[in-house]
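> predicted model and sequence follow; I will ask about them next.
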Amino acid sequence: MRRSGVTPLSFSAKKDTLKTALPFSLRWQNVTLDFEQDYELDAVSLSAALAPVKNKLPLLRRLRLNFQCTMGFLWEKPLPVTSTCDIFENTPNLRCVTLDYPLCSFKLPFSQLVELKINSPLGLDDLLRCCREATNLESLSTMIDLHSTTHYPSADTTPCHFAKLTYLSIQDLTLPNPIKPSETVPRQLGPLLDKMTCPVLDEMWLNIATKLPDAEYLPTMDSLFRFLRRSPLIKRFTIDDNFKCDDNLIGLLECCPALEEFEVAHDHRGTIGTAFFERLTYREDSSTPTMCPRLRILDLGHRHNLESDESALASAEMVASRWHIADGAPIARLEKLVINCYERECTTRLREFEAEGLEVSLPTLELVRVPKEQEKENSGCTSQ
């Protein structure tokens, strides 16, 4: 480091080697501090370890605090938040922060951040408290977990308005509590979405660790629909299969008029009906506007079922209407399709489109499902 002169420093340091970098804090620019699985590292000891750099970080622009721990550990022994670390509060050029550590353990200049990644589950109030300050964010990735302790309960109902946010990723990591498996607590995704407004959002990624309880499914989907209507510019949308979104695919896409790329992550395992493909089919003489006219990529994975052969044929008709389009048509040309289809006429047509240049992904032989009648026959057989 001494031989680097006055060059801004980008480095990663573990706790036992951090002291080597402390004297050069005036040149820190892109820094990762890796504390691995130091379960005893609370805000007090962290502040003490970093005390020499307080108010001496004029160039720091990107910061990552890496702390790895298991979800089971969080339930058995929540990370201590007895005080907060203010070492990074006065960092005039800090713009990007990644925290693999409880957010509420830190005082940060949230209002000047443009990118924030929170890789540690948060309670809803703690997350909203951060969001109300971080109004200049352009990218936000966060985790929520109903079992995580809320350290700063709040009655504040002020919505979070992100005027510049273009990327949003939310992971609901709620899993059955191994300590209290019968415990039921309302999920937080719906209330979080209801509090957020992102008028220029371009890309969204939603993931939940387990399926929503039946009683919360419709209210959560309604919250998602309302959020999407407040974000009419979304072009890329990825949603996890645990949303059981097959019954709501049309509703979801109708809320995204500017959508260009849609993916159901982790392989959609529901059933897709004819109506979905018909709503996506472009008909020049139709008085009903085509859903998602800018759609270029449709990725439904290889594990879902098509409702019937009619649905399979409807999917091929939809692709044809978005592949063979006239110049000047008010619709984008499809570029990629990932679908689970075995109906012969449909797959033949899709392979023809593929030969013409469309990127098509159909299931391989290894993924072919055994018909139910054959499953029953096989289950009654014994090995010779």
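Looks like it arrived, so ask away.
> the chain: helices as residue ranges?
Across the chain, reading from the start of the chain, the helices by DSSP state H fall at 18-21, 43-50, 71-76, 124-133, 189-194, 214-229, 249-254, 274-280, 309-323, 344-356, 372-379.
> so who does Thr158 touch?
Applying C-beta atoms under 8 Å, 6 or more residues apart in numbering, we find Thr158 in contact with Arg132. C-beta here means a position set from N, CA and C on the backbone, and glycine is covered the same way.
> the same query, at a cut-off of 10 Å, please.
Thr158 is in contact with Leu128, Cys131, Arg132, Lys195, counting by C-beta atoms under 10 Å, 6 or more residues apart in numbering.
> just the pLDDT for it.
The predicted local confidence for Thr158 comes out at a pLDDT of 84.
> do you know how far Pro293 is from Leu253?
Here the distance between Pro293 and Leu253 works out to 11 Å (C-beta to C-beta, to the nearest Å).
> overlap in contacts of those two?
By the contact definition C-beta under 10 Å, 6+ apart, Pro293 and Leu253 are jointly contacted by Leu259, Leu280.
> and these two? which has more neighbours close in?
Applying other C-beta atoms under 10 Å to Pro293 and Leu253 shows that Leu253 carries more neighbours, namely 20 against 17.
> wait, isn't the more buried one in contact with Val264?
No: checked against C-beta atoms under 10 Å, the pair Leu253 and Val264 is beyond contact range at 11.4 Å.
> show me whatever sits in contact with both of these two.
When C-beta under 10 Å, 6+ apart defines a contact, the residues bordering Leu253 and Val264 alike are Phe237, Leu298.
> and Gln188, how many residues sit next to it?
If we define neighbours as other C-beta under 10 Å, then Gln188 has 23 of them.
> ugh, wrong one, I meant Glu359
Look at Glu359: counted by other C-beta under 10 Å, it has 12 neighbours.
> list the beta-bridge partners for it.
According to DSSP bridges, Lys336 are recorded as the beta-bridge partners of Glu359.
> gap between it and Glu335?
Applying C-beta to C-beta to Glu359 and Glu335 gives a distance of 6 Å.
> likewise Glu263?
13 Å.
> the two: who's more crowded?
Of the pair Glu263 and Glu335, Glu263 is the one with more neighbours under other C-beta under 10 Å, namely 19 against 16.
> give the rounded mean pLDDT of stretch 274-286.
Per-residue pLDDT over stretch 274-286 has a mean of 92.
> again, but for stretch 299-314
Averaged over stretch 299-314, pLDDT sits at 87.
> can I assume Pro191 is in contact with Leu128?
Yes: A contact is recorded between Pro191 and Leu128 when judged using C-beta under 10 Å, the distance being 9.0 Å.
> between the two, which is the more surrounded one?
Of the pair Pro191 and Leu128, Leu128 is the one with more neighbours under other C-beta under 10 Å, namely 23 against 15.
> just for the stretch 51-200 of the chain, where's the confidence low?
In the predicted model of the stretch 51-200 of the chain, residues 68-83, 101-104, 146-156, 175-186 satisfy pLDDT under 70.
> an error on my part: the question was meant for the stretch 201-350 of the chain.
Applying pLDDT under 70 to the predicted model, the residue ranges of the stretch 201-350 of the chain that meet it are 241-247, 266-269.
> which residues touch the closest residue to Glu345 other than its chain neighbours?
Leaving aside its chain neighbours, Glu345 sits nearest to Leu313 (6.4 Å; criterion: C-beta to C-beta, 6 or more residues apart in numbering). Neighbour list for Leu313: Thr274, Phe277, Leu306, Cys341, Glu343, Glu345, Cys346, Arg349 [criterion: C-beta under 10 Å, 6+ apart].
> residues touching the last one, list them.
Under the criterion of C-beta under 10 Å, 6+ apart, the contact partners of Arg349 comprise Ala312, Leu313, Ser315, Ala316, Glu317, Val319, Ala320, Trp323, Glu343.
> equivalent analysis for Val319, please.
If a contact means C-beta under 10 Å, 6+ apart, then Val319 has 277, 280-281, 298, 334, 337, 339, 346, 349-350, 353, 358, 360 as its contacts.
> try 7 Å this time
Leu334, Leu337, Leu350, Phe353 (C-beta atoms under 7 Å, 6 or more residues apart in numbering).
> just to revisit the earlier point, what distance do you get for the residue nearest to Glu345 to Pro109?
With distances defined as C-beta to C-beta, the gap from Leu313 to Pro109 amounts to 57 Å.
> again with Ser25
Counting by C-beta to C-beta, the gap from Ser25 to Pro109 is 16 Å.
> who has more neighbours out of these two?
Set side by side, Ser25 and Pro109 show unequal neighbour counts under other C-beta under 10 Å, the larger going to Ser25 at 20 against 17.
> so that one sits against Leu57, correct?
Yes: the criterion here is C-beta atoms under 7 Å, and Ser25 meets it with Leu57 at 5.7 Å.
> what's the neighbour count on Glu345?
Taking other C-beta under 10 Å as the criterion, the count of residues near Glu345 is 11.
> same question for Leu127.
Burial of Leu127 is recorded as 25 neighbouring residues (other C-beta under 10 Å).
> Ala326 now?
Residues within reach of Ala326, counting by other C-beta under 10 Å, total 7.
> buried residues in stretch 85-98?
Neighbour-count burial for stretch 85-98, with 16 or more other C-beta atoms under 10 Å as criterion, is recorded at Cys85, Ile87, Phe88, Thr91, Leu94, Arg95, Cys96, Val97, Thr98.
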